[in-house]
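> Give me a 3D structure for the following:
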Amino acid sequence: MGPAEQGVRIGLSAVVIALRDRKACVLTTPGDDGEAALPFGPFDPARDRTFELALRAFVTAQTGFRLGFVEQLYTFGDLGRESPRATPGPERRREVSVGYLALTADAAEAPLSEARWTPVLDIFPWEDRRDGPPACLAPLVADLTAWAAGDPRRQARIETLFATTPAHRWNEGRVLDRYELLYEAGLVAEAARDQDRPPLPNAPGRAMASDHRRILATGLGRLRSKLKYRPVLFDLMPRAFTLSELQTAAEAVSGLSLHKQNFRRGVERTGLVQPTGRLSAATGGRPAELFRVIDGDLSTGEALGLPLPAQR
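Residues are numbered from 1 along each chain as shown. Below is the predicted model:
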């Protein structure tokens, strides 16, 4: 069978995010090369009725988890991409992967031993600005500047995406754009691997199998953007929570340090939560009031997201 006759293999990738120990974590499984991989499985047109049903079935089979909220992200079909579970050899086919974002409040240990909850900001350390610019940022910007070599278009991309000048503000939603710039500049491990170059000794963040870090960047960027206009954060929260826990969750996902009083006032203005009449003693200090999400359908209406008032 020649290359033109090999057809296309359709795969499904799942970005499953939960909160663990005050961190946003993604569910990963080991890839064939030992790198972390997203849960991934093939779509069989003869057997599977829908993409989503197939996705739910193989995520449960690989990790033991049953998914709640699921949303399609994007279709990834670049020439040369390979699944961490693709069949090696001459019969390997062109692969298209449909990515999904899934959120869960169930952050228990994965029922199957090979599945792991991996902190998202360990994979993208330059995205964590909760304590100011991360330590890896200055070396990265220096390497990017050297790569730009005075090209004004490259330099403008660096300044815009990494907010390196006072004229530019950090946009937490542009996770994929920043990762792709680093990949283009050859500063992440996947770039060296894909171009058959020696491994980078100090590449930032945890590498992932195939193009799964790109898929994860797409999912994290989508989630960060949706925080502002849809109440998706509540899909990560338990039934009852304190406002401090809600703020911690928003900070873990956005990678920002939020202004406490402005955040709480913003939450109150949305009308999305109401007090339960109970107190939490799990704060380690003074008992805090517990809240819950209001009853009803939160998927309709305008401006139903949560505020992200960053600290100045």
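> Can you give me the buried ones in stretch 21-28?
For stretch 21-28, the neighbour count (16 or more other Cβ atoms under 10 Å) marks 23-28 as buried. For glycine as for every other residue, the C-beta is placed from the backbone atoms N, C-alpha and C.
> Adding pLDDT and distance to Val16, write the residues you listed out as CSV.
Below are the buried residues of stretch 21-28 laid out as CSV (pLDDT from 0 to 100; distance: Cβ to Cβ, whole Å):
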residue, pLDDT, distance to Val16
Lys23, 94, 14
Ala24, 96, 11
Cys25, 96, 9
Val26, 95, 6
Leu27, 92, 4
Thr28, 92, 9
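> and these, which of them are in helices?
Per DSSP state H, helices hold no members of those.
> What is the nearest of those to Leu223?
Taking Cβ to Cβ as the measure, Leu223 lies nearest Ala24 of the buried residues of stretch 21-28, at 8.4 Å.
> which residues pair with the closest one across the strands?
Leu19 (DSSP bridges).
> Am I right that it is in contact with Val120?
Yes: using Cβ atoms under 8 Å, Ala24 is in contact with Val120, at 4.7 Å.
> Overlap of the contact sets of these two?
17, 220 (Cβ atoms under 8 Å, 6 or more residues apart in numbering).
> Which residue ranges of this structure form strands?
Ranges of strands in the chain, per DSSP state E, are 8-20, 23-30, 36-37, 40-42, 69-76, 94-103, 116-119, 273-280, 288-293.
> Turn those strands into JSON lines, columns for distance to Arg169.
Shown next, in JSON lines, are the strands of the chain (distance: least, Cβ to Cβ, whole Å):
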{"stretch": "strand 8-20", "distance to Arg169": "25"}
{"stretch": "strand 23-30", "distance to Arg169": "22"}
{"stretch": "strand 36-37", "distance to Arg169": "31"}
{"stretch": "strand 40-42", "distance to Arg169": "35"}
{"stretch": "strand 69-76", "distance to Arg169": "25"}
{"stretch": "strand 94-103", "distance to Arg169": "25"}
{"stretch": "strand 116-119", "distance to Arg169": "25"}
{"stretch": "strand 273-280", "distance to Arg169": "28"}
{"stretch": "strand 288-293", "distance to Arg169": "30"}
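> Select, out of these, the one closest to Arg214.
Smallest distance to Arg214 across these (Cβ to Cβ): 7.2 Å, for strand 69-76.
> how far does the closest one sit from the chain's center?
Here strand 69-76 is found 12 Å from its chain centre; the criterion is Cα atoms, centre = their mean, to the nearest Å.
> Below-threshold pLDDT in the stretch 1-150 of the chain: ranges please.
1-7, 78-94, 110-113 (pLDDT under 70).
> Where do the helices of the stretch 51-200 of the chain begin and end?
All helices of the stretch 51-200 of the chain, identified by DSSP state H, counting those that start in this stretch, fall at 51-63, 120-123, 137-148, 152-162, 175-184, 189-194.
> Gly173 touches Leu220, doesn't it?
No: if you go by Cβ under 8 Å, Gly173 and Leu220 don't touch, sitting 9.0 Å apart.
> higher neighbour count, these two?
More crowded of Gly173 and Leu220, by other Cβ atoms under 10 Å: Leu220, with 28 against 17.
> Looking at per-residue confidence, what score does that one get?
Per-residue pLDDT puts Leu220 at 97.
> Identify the residue nearest it in space, chain neighbours excluded?
Nearest non-adjacent residue to Leu220, counting by Cβ to Cβ, 6 or more residues apart in numbering: Val175, 4.8 Å away.
> thinking again about what came up before, JSON lines please, covering the buried residues of stretch 21-28 and showing distance to Arg206.
Shown next, in JSON lines, are the buried residues of stretch 21-28 (distance: Cβ to Cβ, whole Å):
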{"residue": "Lys23", "distance to Arg206": "14"}
{"residue": "Ala24", "distance to Arg206": "14"}
{"residue": "Cys25", "distance to Arg206": "12"}
{"residue": "Val26", "distance to Arg206": "10"}
{"residue": "Leu27", "distance to Arg206": "14"}
{"residue": "Thr28", "distance to Arg206": "9"}
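> So which of the residues you listed is the closest to Lys228?
Distance to Lys228 across these (Cβ to Cβ) is lowest for Ala24, with 16.2 Å.
> Could I get the contacting residues of that closest one?
If you count contacts by Cβ under 8 Å, 6+ apart, Ala24 has them with 17-18, 119-121, 220, 236, 249, 252-253.
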